[in-house]
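In: requesting a structural model of the entry that follows:
(3 chains)
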Amino acid sequence: MTAAPSDDFVSLVLEVVADIPEGCVMTYGDVAAAIGSRAARAVGTVMSHYGSDVPWWRVVRASGHPAIDHETRALQHYRAEGTPLLWTRTGSWRVDLATARHVPTA
DNA sequence: TGGGTGACTAAGT
DNA sequence: CACTTAGCCACCC
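Out: So this is what the prediction gives:
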């Protein structure tokens, strides 16, 4: 299952996500915009099927929260990469988009 | 060809 | 800050 889909949209998404440097993150909407689309949902769908081959944890929602049901898994990577995190008093946490948000030069 | 689904976003409560 | 509602886009049957 070495994801090598001939699908254009899928390949573009994987390419953008793979280009995100360590310690940085991008929102689903930003990834979609990077490939010239606004299908943030489609990006998430692609990640759910091919995320195994890309640093999916570097892709978060517009609120700074990681993919649903994968927050704990993403937290392990953030702590290991030194990604800036913001903790709330309620015990919840989120990625500091103001500092970790990555902007593709292309 | 048409309809339903989803690792989303933004706005309102 | 957290939850709910409506809107959008790409993919599968």
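
In: now do the contacts for the residue positioned nearest the centre of chain A.
Out: Nearest residue to the geometric centre of chain A (C-alpha atoms, centre = their mean): A:V59, 0.7 Å. When contacts are counted by C-beta atoms under 8 Å, 6 or more residues apart in numbering, A:V59 touches A:V17, A:I20, A:V25, A:M26, A:T27, A:Y28, A:V31, A:V43, A:M47, A:A67. Glycine gets a C-beta too; all of them are placed from N, C-alpha and C.

In: the third one and A:V60 touch, don't they?
Out: Yes: A:V25 is within contact range of A:V60, at 5.2 Å (criterion: C-beta atoms under 8 Å).

In: identify the contacts common to those two.
Out: A:V95, A:L97.

In: return only those of the contacts of A:V59 found close to DNA strand B.
Out: Among these, the ones lying near DNA strand B by C-beta under 7 Å from any atom of the strand are A:T27, A:Y28, A:V43, A:M47, A:A67.

In: where does the residue sitting furthest away from the middle of chain A land in three-state SS?
Out: Most distant residue from the mean C-alpha position of chain A: A:R89, 24.6 Å away (C-alpha atoms, centre = their mean). Following DSSP: H, G, I helix; E, B strand; the rest coil, A:R89 is assigned to coil.

In: for it, give its distance to A:D96.
Out: Going from A:R89 to A:D96 by C-beta to C-beta, to the nearest Å gives 16 Å.

In: on that earlier part again, the ones next to DNA strand B among the contacts of A:V59 in helices, which ones?
Out: A:Y28, A:V43, A:M47 (DSSP state H).

In: that'll do, ta.
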